[in-house]
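[1] Sequence plus the predicted model coming up.
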Amino acid sequence: MPKSPAVIGVLTEPPAPTWWKANRHKVLGITGLLLGYWIGTHTSGAVAPQPGTPRPGHTAPASPGPSGTHALGLTA
């Protein structure tokens, strides 16, 4: 049981804080760090498998135009 407040003249000294009031910031901080570490290490999810080699694209090789001189097909 906490001590009764001591009287100093007309002022009273407040009672000493309980253990929880004095240390709750430490307990909650450590609990938060441990919970964050646990969440970070256990909920990362599976990494999607990557294909072994890249596949070629679906593009045709560039062919010259009908005259073979101009990209727009215009002849001089």
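    Right, received. Where do you want to start?

[2] does K26 sit in a helix or strand, and which one?
    helix 19-42 (DSSP states H and E).

[3] can you pull the contacts of A6?
    A6 makes contacts with T12, E13, as judged by Cβ atoms under 8 Å, 6 or more residues apart in numbering. Any C-beta I mention is one placed from the backbone N, CA and C, and that applies to glycine too.

[4] quick one: it from T12, how far?
    Distance, A6 to T12, using Cβ to Cβ, to the nearest Å: 7 Å.

[5] Could you do W20 as well?
    23 Å.

[6] Mind checking which of the two has more residues around it?
    A count of neighbours by other Cβ atoms under 10 Å puts T12 above the other of W20 and T12, at 11 against 8.

[7] Now do the phi/psi pair for the more buried one.
    phi -120, psi 140 (degrees, to the nearest 10).

[8] Touching, it and S4? I think so.
    No. In this structure, T12 is not within contact of S4 by Cβ atoms under 8 Å, at 9.4 Å.

[9] Just give the nearest non-adjacent residue to E13, would you?
    In this structure, E13 finds its nearest non-sequential neighbour in A6, 4.6 Å apart by Cβ to Cβ, 6 or more residues apart in numbering.

[10] Kind regards, and thank you for your time.
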